[in-house]
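Any chance you could fold what I've pasted below:
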Amino acid sequence: MCAGIPVGKRFILTVKSKQNQNPEVVKKLLKQKISPTEMKIGISTFKTLKDGRILIEASTKEEILLLSTDINAKCGEELEVQVPQLRNPRLIIFNTPEDFSVEGAEETIIAQNPELELQKGDIIPKFRIKTKRGTYNLIIEVRADTRRKLLQTKLKIGWLICNLDDYLVANRCFRCSRYGHCSQD
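You can find the predicted model right below:
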């Protein structure tokens, strides 16, 4: 939400030239070979990015998939199409038992929390972190609908009832204090 205006879900794809052509040439090629009116697709954004790629935005995921297959079919040898995929959210489970392993975490959580109606594959345990106090936290990756279910409850793991929250880590450079990269990069 920005300045009181709700932001809808964006469905985008990017197009890049395989022969490192100018973005204006790529735009011209797309306009010549692809017709959104014949495909009955509404394009809401068609612009050039700083790195030379072309950004195309539509209102639904189906329109983006239809457009990407059409671009691949008609311009596949000259252009490279990429539809970005969203990452699954990660959650942190606080204060897990010491004998609780990453390998058996999914089965234990599903077995001890039947009221959540979780299926195998809904939770993907990633790694454990030992805190300064000597307790262990578990990081899991879940789908968006599973995340909503889990954040409303507490998990029963072994003899403990564990809280959980979103696991957000900001990647920050030690040298310049900017975000998005580390000092080695």
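
How are the helices of this protein distributed by residue range?
Along the chain, counting by DSSP state H, helices occupy 23-33, 36-39, 61-75, 105-112, 144-151.

Take those helices and write them to CSV, including distance to Leu160, mean neighbour count and mean pLDDT.
C-beta: built from backbone N, CA, C; applies to glycine. Shown next, in CSV, are the helices of the chain (distance: least, CB to CB, whole Å; neighbours: other CB atoms under 10 Å; pLDDT from 0 to 100):
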stretch, distance to Leu160, mean neighbour count, mean pLDDT
helix 23-33, 55, 15, 91
helix 36-39, 55, 12, 88
helix 61-75, 40, 16, 92
helix 105-112, 10, 16, 93
helix 144-151, 16, 15, 92
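
I'd like to know which of these lies nearest to Leu55.
Proximity to Leu55 (CB to CB) singles out helix 23-33 among those, at 10.3 Å.

CA atoms of that closest one as PDB?
Extracted in PDB, the C-alpha atoms of helix 23-33 (Å, rounded to 0.1, in the frame of the first residue of the first chain):
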ATOM      1  CA  PRO A  23      16.500  -2.300 -26.300                       C
ATOM      2  CA  GLU A  24      14.800  -0.200 -28.900                       C
ATOM      3  CA  VAL A  25      15.500  -2.800 -31.600                       C
ATOM      4  CA  VAL A  26      14.000  -5.500 -29.300                       C
ATOM      5  CA  LYS A  27      10.900  -3.300 -28.700                       C
ATOM      6  CA  LYS A  28      10.500  -2.900 -32.500                       C
ATOM      7  CA  LEU A  29      10.900  -6.600 -33.000                       C
ATOM      8  CA  LEU A  30       8.200  -7.400 -30.400                       C
ATOM      9  CA  LYS A  31       5.800  -4.800 -31.900                       C
ATOM     10  CA  GLN A  32       6.300  -6.300 -35.400                       C
ATOM     11  CA  LYS A  33       5.800 -10.000 -34.500                       C
END
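
Tell me what angle it forms with helix 61-75.
100 degrees (axes from the mean of the first three to the mean of the last three CA atoms, to 10 degrees).
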